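Chemist: Fold the stuff below for me.
(one chain, ligands or ions: 1)
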Amino acid sequence: MAPAPPPPGTKGTVLVVEDEAALARLIGSYLTREGFDVQTLGDGLEAIDRVRTWHPDVLVLDLGLPGADGVEVCRAIRTFSDCYVIMLTARAEEVDRLIGLSVGADDYVTKPFSPREVVARVQAMLRRPRGIGARASTAEAEHDVREVGRLRMDLAAREVTLDGEPVGLTRTEFDVLAVLVSQPRRAFSRDQLIGEVWGEGWVGDPHLVDVHLGHVRRKLGDDASAPQFVQTVRGYGYRLGPCA
Ligand code: CA
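Modeler: Modelled structure (predicted):
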């Protein structure tokens, strides 16, 4: 299902879930100033309900929350929503971001951060083309289906099947895989993938690409030591393969 367009007069809707009220207000005010329609909440369980009823474009989600923590919230909303999720993590520890991304977050920001950084990440998410198909004309996009062996990607419908069975990818996972599928055998560097998916000028951790492609591999049943679909190009990046 195509995501709903943002309400008129706003750049999009953002739900900020952070139990430190002052911090939630601060992030909210920066986003509001940039033209986003913002709601803030401090409880994980309420956040799940709000995503269900309000359908925000982006969820800015603190990891440590009362009610349900950020990991539980993310896992729960991924069963019914494909909104973009930016996780706020309290520590620079790798485990936090890996856990967050493994339950379907698209990006993360480590505390302490400047509210401007959060705003920049939200803007980067919403600037992203809705998949490679979004760039083609509608007529082309309707027929933009790529098949690579047992893998089939319908870029317009944003559906992936493996042996005819649907594969549940997040938006970000879909977008990264779509770039690889768009030019089979071409090796893409991490920076090129970042440029294609997150947009030029995005500032963040390029190893996000590794994490998202790791999830794609797992969901496709791809063995990292002998991948059928997502091949590592050592010291460079990734390509689709082998598909000879
Ligand atoms: Ca917290």
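
Chemist: all contacts plus neighbour counts: C-alpha atoms, from now on.
Modeler: Fine.

Chemist: ok, now which ones touch A24?
Modeler: V16, V17, E18, T40, L41, G42 (CA atoms under 8 Å, 6 or more residues apart in numbering).

Chemist: Turn these into CSV, columns for distance to the ion and neighbour count.
Modeler: As requested, the contacts of A24 are exported to CSV (distance: CA to the ion, whole Å; neighbours: other CA atoms under 10 Å):
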residue, distance to the ion, neighbour count
V16, 12, 25
V17, 9, 30
E18, 6, 26
T40, 13, 20
L41, 11, 19
G42, 8, 19
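
Chemist: which parts of stretch 226-244 are buried?
Modeler: P227, Q228, F229, V230, Q231, T232, G237, Y238, R239, L240, G241 (16 or more other CA atoms under 10 Å).

Chemist: what does it contact?
Modeler: 148-149, 180-181, 183-190, 213, 217, 222, 224.

Chemist: same thing but 10 Å
Modeler: For stretch 226-244, contacts defined as CA atoms under 10 Å, 6 or more residues apart in numbering pick out 148-151, 177-193, 209-210, 213-214, 216-217, 220-225.

Chemist: I figured V211 hits L98, correct?
Modeler: Yes: using CA atoms under 10 Å, V211 is in contact with L98, at 7.4 Å.

Chemist: that older thread, from the buried residues of stretch 226-244, which is closest to T170?
Modeler: V230 (16.2 Å; CA to CA).

Chemist: any idea how far R33 is from the ion?
Modeler: Here the criterion is CA to the ion, to the nearest Å. By it, R33 lies 23 Å from the ion.

Chemist: Over to L15?
Modeler: 15 Å.

Chemist: and the helix or strand encompassing L31, what's its mean pLDDT?
Modeler: Under the criterion of DSSP states H and E, L31 resides in helix 21-33. Regarding helix 21-33, the rounded mean pLDDT is 96.

Chemist: Any buried residues in it, and which?
Modeler: A24, R25, I27, G28, Y30, L31, T32.
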